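> Sequence below, structure please.
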Amino acid sequence: MPAVALRGESRLSPAMRRRRAPLAIAAVLLSAAAMALLWALVAGDLPVAATDVFAALAGAEGMGATVIRELRLPRALAAFACGGLLATAGALMQVLLRNPLADPYILGISGGAAVGALGAMMLGAALFWVDVSAFAGALAAMLLVFGLAHGDGSWTQTRLLLTGVIVAAGCGALVALMLAIAEEHKLRGMLFWLMGDLGQSTQWWPPLAALVVALTLAMPFARELNLLSRGMMQAQALGVAVGRLRYAIYLLASLATAASVTTAGSIGFVGLVVPHLVRLATGNDQ
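Numbers count the residues shown, from 1 in each chain. From the prediction side, this is the model:
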């Protein structure tokens with residue numbers, strides 16, 4: 001039987017193997033994501049068994065069930081969605097800038113959100129207005145970078161990248177100034193936000209909805225992104241509307257980053273590394 005199975009496997013065409021590989025990788029990644037979510041529900045100061053987690057999700061009552069449903073589950077789902085938003089934005093930015101070191105924060109969007117959020121914290125605003133200010137700051141940074149890079153009506157990857165680095169540096173200076181002059185009792189919350197904090201995340205559906213929208217809008221452009229990653233001239237020669245595609249990529253990646261930063265604060269590493277890890281597993285296919 002093993003010999004028969006091996007002979008049958010060897011008769012698979014290369015095209016069939018290529019179709020099977022992404023499905024197998026997707027199954028492994030989904031299983032790993034499910035295990036990570038389960039671990040997030042089990043781990044914590046209050047010990048909870050895995051069986052109690054399933055009981056809580058089924059509607060059981062008690063202290064452990066309340067902690068899982070009202071605290072851990074919203075935070076875990078929000079973290080999952082924010083990671084997906086950052087990874088999607090990172091993949092888009094790396095194609096847009098044709099730079100393997102590009103990440104969602106390289107264009108100053110996180111810096112703008114930090115300026116908005118910390119400014120609201122300094123004024124003693126409620127959590128809702130902190131989130132609103134962070135999103136407004138991210139949008140302001142996005143528009144500033146695009147306006148400066150657009151210049152006389154044309155923009156290149158290099159100009160956009162340099163403009164983003166300049167705006168990010170300016171926002172970093174403003175953040176340092178705010179931390180220096182802020183009242184001492186507000187510094188702890190401000191530093192937690194800068195490090196990335198899901199402790200105040202009680203609503204899981206906004207970032208998850210943003211992730212679904214971002215993926216729904218990005219997937220139809222997968223073929224064009226593959227062509228754009230080979231170079232602008234080659235993509236144009238093959239019929240890609242490069243100008244409109246670059247605007248769409250920039251806007252979508254910026255909004256995805258803004259949604260993540262508004263929910264969880266500044267979280268680095270994910271948007272830079274995850275696209276590369278996935279490419280190692282699946283190849284450079286957007």
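
> Work out the gap between the helix or strand containing A27 and the centre of the chain.
Taking DSSP states H and E as the criterion, A27 maps to helix 14-42. Per C-alpha atoms, centre = their mean, to the nearest Å, the displacement of helix 14-42 from the mean C-alpha position of its chain is 19 Å.

> Any buried residues in that helix, and which?
Of the residues in helix 14-42, 37, 40-41 count as buried by neighbour count, 16 or more other C-beta atoms under 10 Å. All C-beta atoms are positioned from the backbone trio N, CA, C, and that covers glycine.

> Can you tell me which of those residues is nearest G196?
Distance to G196 across these (C-beta to C-beta) is lowest for A40, with 14.8 Å.

> ok, and the closest non-adjacent residue to that closest one?
Spatial nearest neighbour of A40, excluding adjacent residues (C-beta to C-beta, 6 or more residues apart in numbering): A76 at 3.8 Å.

> before we move on, back to that, and the buried residues of helix 14-42 as a markdown table, adding distance to A27 and pLDDT?
Listed next are those as a markdown table, based on distance: C-beta to C-beta, whole Å; pLDDT from 0 to 100:
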| residue | distance to A27 | pLDDT |
| --- | --- | --- |
| L37 | 16 | 91 |
| A40 | 21 | 91 |
| L41 | 22 | 91 |
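
> low-scoring stretches of this protein, by residue?
Confidence mapping of the chain against pLDDT under 70 gives the ranges 1-20, 151-154.

> which element is the residue positioned nearest the centre of it on?
Among the residues of the chain, L86 comes closest to the average C-alpha position under C-alpha atoms, centre = their mean, at 1.3 Å. Taking DSSP H and E as the criterion, L86 maps to helix 73-97.

> quick revisit: got the angle for the helix holding A27 vs helix 73-97?
Between the axis of helix 14-42 and that of helix 73-97 there is an angle of 140 degrees, by axes from the mean of the first three to the mean of the last three C-alpha atoms, to 10 degrees.

> so what does helix 14-42 touch, helix or strand wise?
The contact analysis (3 or more C-beta pairs under 8 Å, 6 or more residues apart in numbering; DSSP states H and E) places helix 14-42 against helix 50-57, helix 73-97, helix 270-282.
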